[in-house]
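> Please find the sequence and the predicted model below.
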Amino acid sequence: MIVIKSDQDLALMRPACELAQTVLEEVCDFVKPGVTTRELDEFAARRISSYGAKSAFLGYRKYPCHLCLSVNEQVVHGLATDVRLKFGDIISLDVGVVYNGFIGDTARTVAVGGCSVEAQRLMDVTEQSLYLGIAQAVTGNRVADISRAIQKHVEVNGYSVVREFVGHGVGRSMHEEPQVPNFDDGKKSAKLASGMTIAIEPMVNAGEPEVKILKDGWTVVTRDGQLSAHFEHTVLVTDSEPKILTCRSKTQSILRPR
Ligand code: MF3
Ligand code: CO
Ligand code: CO
């Protein structure tokens, strides 16, 4: 069942999404050579609680961290460790918060201090594919229109899309229907309608699409060891243009201060 959000729901969900984006940007600003992903996790925990919110990930299927931190060949669901980030690494940060009873889910990949031209191109193409996918999130289109737009942009640029993990509806629960694959799975997909809120999140590998899960039970890595990038927004489908909910309003924040 796909949950359509009312205006009342959206009045509660918007601040959750704005907050998720705010925390994501704060954590990104904290990324520098020498910092450990455990320090990033602790920083995220402090920022989330400072807004009176909770991590949507901590404890989810026993996930042990406050956000997902995936370095270089790690695709998603990377765990906090004591390994220090170094100049030239790339790190994907995925933040989900619960606030007002709703979840905001947003992710991006950033360079640690700086990175290779090839790593930057991978991040750019992944982010572009996210926005091309978002542009398809309008009433009357189908989920597959989003999937195809993402896949096409990724593949014409010589990269590949991860199959095992997909975007999703999001609201009071983190993973609602529909699933939003980043590739055309050939199945008849749901029609998009005004009031649907979906997390669109291309995971893009520089090399082959295959992934595996490390022995920690969480960390997803590329099988070929090449880099991977991940960008995500929570998006509201409307009858006109899509609205990105995980967006900051720096001058007119709707977050209630605490
Ligand atoms: N944030 C991920 C997503 O975008 C889900 C993380 S699940 C967790 O769907 F268990 F790792 F937290
Ligand atoms: Co996410
Ligand atoms: Co998500």
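That came through, no problem. All of these numbers come straight from a predicted model, not from anything done at the bench. Ligands and ions are numbered 1, 2, ... in the order given.

> all contacts plus neighbour counts: C-alpha atoms, from now on.
OK.

> Can you get me the centre-to-centre distance for whichever helix in the chain runs longest and its chain?
The longest helix of the chain (DSSP state H) is helix 7-30. Distance of helix 7-30 from its chain centroid, counting by C-alpha atoms, centre = their mean, to the nearest Å, is 12 Å.

> now do stretch 167-178
Distance of stretch 167-178 from the chain centroid (C-alpha atoms, centre = their mean) equals 13 Å.

> What count of nearby residues applies to Ser50?
Neighbourhood size, Ser50 [other C-alpha atoms under 10 Å]: 12.

> Compute the distance between the residue of the stretch 51-200 of the chain found nearest ligand 1 and Gln74, please.
The minimum distance from the stretch 51-200 of the chain to ligand 1, using C-alpha to the nearest ligand atom, falls at Phe57 (3.6 Å). Phe57 sits 18 Å away from Gln74 when distances are taken as C-alpha to C-alpha, to the nearest Å.

> which ones are touching His230?
Residues near His230 by C-alpha atoms under 8 Å, 6 or more residues apart in numbering: 75-76, 92, 107-109, 123, 126-127, 201-204.

> 7 Å - rerun?
By C-alpha atoms under 7 Å, 6 or more residues apart in numbering, His230 lies in contact with 92, 107-109, 126, 201-204.

> Nearest to ligand 2 among those?
Within those, the smallest distance to ligand 2 is 5.6 Å, found for Ala107 (C-alpha to the ion).

> May I have the secondary structure class of the closest one?
Here Ala107 is strand, with the state taken from DSSP: H, G, I helix; E, B strand; the rest coil.

> Find the nearest non-adjacent residue to it, please.
Nearest residue to Ala107, sequence neighbours excluded (C-alpha to C-alpha, 6 or more residues apart in numbering): Asp94, at 4.0 Å.

> can I assume the one you found sits in a helix?
No: applying three-state DSSP, one finds Asp94 to be strand, outside a helix.

> what's the burial count for it?
Residues near Asp94, counting by other C-alpha under 10 Å: 27.

> in stretch 131-141, what counts as buried?
131-139 (16 or more other C-alpha atoms under 10 Å).

> Would you work out how far apart the start and end of that stretch are?
First residue to last in stretch 131-141 (C-alpha to C-alpha) measures 16 Å.

> can you give me the offset of that stretch from its chain's centre?
Centroid separation between stretch 131-141 and its chain, computed with C-alpha atoms, centre = their mean, is 17 Å.

> now stretch 80-96
The answer for stretch 80-96 is 15 Å, by C-alpha atoms, centre = their mean.

> now swap in stretch 194-211 and tell me
A distance of 8 Å separates the centroid of the chain from that of stretch 194-211, by C-alpha atoms, centre = their mean.

> Just the CA trace of that stretch, in CSV.
These are the backbone C-alpha positions of stretch 194-211, laid out as CSV (Å, rounded to 0.1, in the frame of the first residue of the first chain):
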residue,chain,number,x,y,z
SER,A,194,0.4,13.8,-5.8
GLY,A,195,1.2,13.4,-2.1
MET,A,196,3.6,10.4,-2.5
THR,A,197,6.9,11.0,-0.7
ILE,A,198,9.8,8.9,-2.1
ALA,A,199,13.5,8.6,-1.4
ILE,A,200,15.4,8.5,-4.7
GLU,A,201,18.9,7.3,-4.2
PRO,A,202,21.2,6.2,-7.0
MET,A,203,24.1,4.0,-5.9
VAL,A,204,26.7,4.1,-8.7
ASN,A,205,29.8,2.0,-9.2
ALA,A,206,32.8,3.2,-11.2
GLY,A,207,33.3,-0.4,-12.4
GLU,A,208,31.0,-3.4,-12.4
PRO,A,209,27.5,-3.3,-10.7
GLU,A,210,28.1,-6.3,-8.4
VAL,A,211,28.4,-5.9,-4.7
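
> higher neighbour count, Phe57 and Gln74?
Legend: neighbour count by other C-alpha under 10 Å for Phe57 and Gln74, higher for Gln74 (28 against 22).
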